[in-house]
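**Q** Need a 3D model of the following:
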Amino acid sequence: MWEFIVAMMPYALAFTAPMLVTALGGLFSERSGVVNIGLEGLMVIGAFTTAFYINQAYQGSDSTIWIGILLGGVAGCLFSLLHAYASINLKADQVISGTAINLLAPALTIFLARTLTGSQNISILKGVSRFDAPILSDIPIIGPLFFSKMYLTTFIVLGLVVLTWYIVFKTSFGLRLRACGEHPQAADSMGINVYKMRYFGVLASGFLSGIGGALIIVTTSGEFNGSVAGLGFLALAALIFGKWNPWTVLFASFFFGFMKTLGQLALINDTLKSFEIPMEFYNALPYVMTLVALVVFSRNIVGPKAAGEPYDKGKR
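**A** Below you'll find the model as predicted:
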């Protein structure tokens, strides 16, 4: 059993990383007062951009991979402008706008993939390599679980958790951001530009969601096929389950990542196969557990008060 857990943990953390960084992006957006259910679509944009760039530019240098990841974030940021403009300037329904992003992104990227490469699938020759953390991987119990066969991107995402917590809860900028999501009229009366703060929140969510999509390509997938397998929706669930706090979002993302890993390992692991449970059960498990978790804890979940409400300066 211990061997199974040790073998499973690197995969669980690999699934957690893109989900977590995307959830952190959603945190910036919703803390500013803009609901962004378009995280899935933004991840697809990032995944396509990264896969296409690495496919075309890779010549043996690892720097190409990291540039591809950053370009995925930039593409997600630019694409999120559609949601920002519709939600903030046009005061459109934010749920409908996010849904449009989720519908548009896969169709657009598949069209571009077929036009540019002749196929909707774009493979990369090499992604981010696994490694054993020096010294840390030798620590009993903890080492094999958390520091062996890991991706560097996982540790970078964990660093982003700390950075997000510090920005949102320990800086004056974060205070202004949260004020725009709780009581934008009061924030405006104090001289805070609510529109700019909300634009920042949405663009940050686009950048981090694009990074999330890129991480799927360079770690667990290796190929763009027009989908990110629902990880964007799981990230949104982790954000809600984590109560819009980076630390609890971290644990929620790991929980959903662990469930997602079970579904993947069930296809190849002899231990899970021996239970003779249909594969469909394992594939549905992370989504079922998402519903169960949200139902059980939904009474105690309260989001930013002004999230989802277009700000009208004339109604101060």
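
**Q** From residue 108, how far off is residue 38?
**A** For residue 38, the distance to residue 108 under the criterion C-beta to C-beta, to the nearest Å works out to 13 Å. In this view, the C-beta of every residue, glycine as well, is placed from N, C-alpha and C.

**Q** ok, these two, which is more surrounded?
**A** For residue 38 versus residue 108, the count of surrounding residues by other C-beta atoms under 10 Å is larger for residue 38: 34 against 16.

**Q** Distance-wise, check the residue nearest to that one when sequence neighbours are not counted relative to residue 209.
**A** Leaving out its chain neighbours, the residue that sits closest to residue 38 by C-beta to C-beta, 6 or more residues apart in numbering is residue 101, at 3.1 Å. Distance, residue 101 to residue 209, by C-beta to C-beta: 10 Å.

**Q** Check which helices and strands the host helix or strand of residue 55 is in contact with.
**A** When elements are defined using DSSP states H and E, residue 55 is found to belong to helix 39-57. Packing contacts for helix 39-57, counted by 3 or more C-beta pairs under 8 Å, 6 or more residues apart in numbering; DSSP states H and E, involve helix 2-31, helix 63-84, helix 94-117, strand 122-123, helix 194-215, strand 223-224, helix 231-241.

**Q** Need the residues touching each of residue 101 and residue 209.
**A** Residues touching both residue 101 and residue 209 by C-beta atoms under 8 Å, 6 or more residues apart in numbering: 42, 80.

**Q** Look at the two and report which has more neighbours.
**A** Counted by other C-beta under 10 Å, residue 101 and residue 209 do not tie: residue 209 has more neighbours, with 38 against 26.

**Q** re earlier: Throw the helices and strands packed on helix 39-57 into JSON lines and include mean pLDDT and distance to residue 306, thanks.
**A** Listed next are the helices and strands packed on helix 39-57 as JSON lines, based on pLDDT from 0 to 100; distance: least, C-beta to C-beta, whole Å:
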{"stretch": "helix 2-31", "mean pLDDT": "89", "distance to residue 306": "10"}
{"stretch": "helix 63-84", "mean pLDDT": "97", "distance to residue 306": "16"}
{"stretch": "helix 94-117", "mean pLDDT": "96", "distance to residue 306": "11"}
{"stretch": "strand 122-123", "mean pLDDT": "92", "distance to residue 306": "40"}
{"stretch": "helix 194-215", "mean pLDDT": "97", "distance to residue 306": "9"}
{"stretch": "strand 223-224", "mean pLDDT": "94", "distance to residue 306": "36"}
{"stretch": "helix 231-241", "mean pLDDT": "92", "distance to residue 306": "16"}
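
**Q** among these, which is nearest residue 147?
**A** For the helices and strands packed on helix 39-57, the distance to residue 147 is smallest for helix 2-31, at 9.8 Å, taking C-beta to C-beta.

**Q** my read: residue 73 touches residue 205, true?
**A** No. In this structure residue 73 lies outside contact range of residue 205 using C-beta atoms under 8 Å: 11.0 Å.

**Q** Between those two, point out the one with more neighbours.
**A** residue 205 (32 against 25).

**Q** Thought residue 80 was touching that one, still the case?
**A** Yes. Taking contact to mean C-beta under 8 Å, the distance of 6.2 Å between residue 205 and residue 80 places them in contact.

**Q** So for these two, which residues contact both of them?
**A** Residues touching both residue 205 and residue 80 (C-beta under 8 Å, 6+ apart): 36, 42.

**Q** just so I have it, where are all the helices in the stretch 151-300 of the chain?
**A** For the stretch 151-300 of the chain, the helices identified by DSSP state H, counting those that start in this stretch occupy 152-170, 172-182, 184-189, 194-215, 231-241, 246-265, 270-273, 279-297, in order along the chain.

**Q** how close does the closest residue to residue 132 other than its chain neighbours sit to residue 216?
**A** Closest residue to residue 132 apart from its sequence neighbours, by C-beta to C-beta, 6+ apart: residue 148 at 5.1 Å. Using C-beta to C-beta, residue 148 is found at 22 Å from residue 216.

**Q** Neighbour count: the two, which is higher?
**A** Neighbour comparison, residue 148 and residue 216: the larger count goes to residue 216, with 30 against 19 (by other C-beta under 10 Å).

**Q** Model confidence for that one, exactly?
**A** Taken from the predicted model, the pLDDT recorded for residue 216 is 95.
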